[in-house]
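Enquirer: When you get a sec, could you give me coordinates for this:
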Amino acid sequence: MAQKFEIQILGCGSALPTRKHFPTCQVVNLRDKLILIDCGEGAQLQWRYTGLNWQRITHILLSHAHGDHVFGLPGLLSTMGLLGRTQPLFIHGPSNLQTYLEFMKAHFFADIDYEIQFHAIDTTQHALIFQDRSMEIWSLPLKHRLPCCGYLIKEKPEQRHIRREMIDFYGIPLWAINNIKAGQDWTTAEGEIIPNNLLTTPPSPVRSYAYCSDTSPVMELTKWCEGVDLMYHEATYAETESSLAVKYSHSTTRQAAQIAKEAHAKRLLIGHYSSRYENENLLLQEAQEVFSDTILAHEGLRITP
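Expert: Numbering: from 1, shown residues only. Here you go, the predicted model:
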């Protein structure tokens, strides 16, 4: 049975909040480890609707230093302190965000009981920035008006699944189970070799999620995110506003869909809508004309890669 891997959208609007949308914020639940991606204004208010525990956030991934992606951070970090957090919090993002964090720590968080560790990311390099036993997080260089990066979150392969009835049939002791999960055969007392594929079933397929916002089209994403299960790509503007997309270093619906198509993504999730659109179905239709398996982000959406 596959482990939990779920993305929940807390905000999917752009710089100007609207009655429909909050600024950008997402939470990734990977095997009950919570990762926050960007933290726009109102993030902690939206968090209240998730039913998730604030203190289980282990990492915060920030894409860039524009306010609609970081203005929710002071309130969130303060609330964690008020609720008695003690475990360290790891924040990743472009180096120019360190000054912002240091200011907050000096003026607002001098008495909190947990450590905030900032890890600066080279936004020009596609690189592994974190890993543990269950996942890898990679940076994705993006092209915006100031240093910006996206993130690729990938599961690590699980071990093979034991076939309990076969373990019992051959009387295999408990001490050998981990070796068999790792792919080893079993040799009986009589010297018979029992192939591993009779004792186990294959592990669940690994899944991946790519987060790409804010950016002009970056064709290298098609290589870095090849075969990704779910890609979130900003689609701030419809094609009729392509000149604005160029001016402000954003993407249109068709550009986002083309990236997903050429990356052979399984599904595309678009968001970061300009406040000019009352109805995002136009954006969805344009994207689906290029990449049919496109979904609109909206607050409260829960989706698995």
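
Enquirer: got the residue ranges for the strands in the stretch 201-305 of the chain?
Expert: For the stretch 201-305 of the chain, the strands defined by DSSP state E, counting those that start in this stretch cover 208-212, 230-234, 267-271, 294-296, 302-303.

Enquirer: so where is the chain shaky, pLDDT-wise?
Expert: Along the chain, the model assigns pLDDT under 70 to residues 1-2.

Enquirer: Please identify the residue most distant from the middle of it.
Expert: residue 190 (50.4 Å; Cα atoms, centre = their mean).

Enquirer: how much space between residue 247 and residue 254?
Expert: 17 Å (Cβ to Cβ, to the nearest Å). For glycine as for every other residue, the C-beta is placed from the backbone atoms N, C-alpha and C.

Enquirer: So residue 146 belongs to a strand, correct?
Expert: No: with DSSP: H, G, I helix; E, B strand; the rest coil as the criterion, residue 146 is located in coil rather than a strand.

Enquirer: you'd agree it is up against residue 63?
Expert: No: Residue 146 is beyond contact range of residue 63, at 10.5 Å (criterion: Cβ atoms under 8 Å).

Enquirer: out of the two, which sits in the more crowded spot?
Expert: Applying other Cβ atoms under 10 Å to residue 146 and residue 63 shows that residue 63 carries more neighbours, namely 31 against 12.

Enquirer: now that one: how far from residue 275?
Expert: Counting by Cβ to Cβ, the gap from residue 63 to residue 275 is 19 Å.

Enquirer: got JSON lines for the strands of the stretch 201-305 of the chain, with mean neighbour count too?
Expert: Supplementary listing: these in JSON lines, determined by neighbours: other Cβ atoms under 10 Å:
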{"stretch": "strand 208-212", "mean neighbour count": "26"}
{"stretch": "strand 230-234", "mean neighbour count": "28"}
{"stretch": "strand 267-271", "mean neighbour count": "25"}
{"stretch": "strand 294-296", "mean neighbour count": "20"}
{"stretch": "strand 302-303", "mean neighbour count": "13"}
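
Enquirer: Looking at the ones you listed, which is nearest to residue 113?
Expert: Proximity to residue 113 (Cβ to Cβ) singles out strand 208-212 among those, at 30.2 Å.

Enquirer: any chance you could map the helices in the stretch 51-200 of the chain?
Expert: 67-70, 73-82, 98-107, 164-169, 177-181, 196-199 (DSSP state H, counting those that start in this stretch).

Enquirer: Determine which stretch of those helices is the most buried.
Expert: helix 67-70 (a mean of 22; mean count of other Cβ atoms under 10 Å).

Enquirer: Run through who's touching that helix.
Expert: Contacts of helix 67-70 with the rest of the structure, by Cβ atoms under 8 Å, 6 or more residues apart in numbering, involve 13-15, 23-24, 38-41, 62-63, 97, 100, 214.

Enquirer: rerun that using 6 Å as the cut-off
Expert: With contact meaning Cβ atoms under 6 Å, 6 or more residues apart in numbering, helix 67-70 is reached by 15, 23, 24, 38, 39, 40, 63.

Enquirer: In contact with the third one, which residues?
Expert: For residue 24, the residues meeting the contact criterion (Cβ under 6 Å, 6+ apart) are 11, 38, 40, 69.

Enquirer: Residue 258: neighbour count?
Expert: As a burial measure, residue 258 scores 19 neighbours (other Cβ under 10 Å).

Enquirer: Can you tell me the closest non-neighbouring residue to it?
Expert: Using Cβ to Cβ, 6 or more residues apart in numbering and skipping residues adjacent in sequence, the residue nearest residue 258 is residue 290, 5.6 Å away.

Enquirer: how about that neighbour, what does it touch?
Expert: Contacts of residue 290 by Cβ under 6 Å, 6+ apart are 254, 257, 258.

Enquirer: Run through the residues that contact the first one.
Expert: Neighbour list for residue 254: 239, 286, 290 [criterion: Cβ under 6 Å, 6+ apart].

Enquirer: Name the nearest residue to the second one, ignoring sequence neighbours.
Expert: Computed as Cβ to Cβ, 6+ apart, the closest residue to residue 286 that is not its neighbour in sequence is residue 253, at 4.0 Å.
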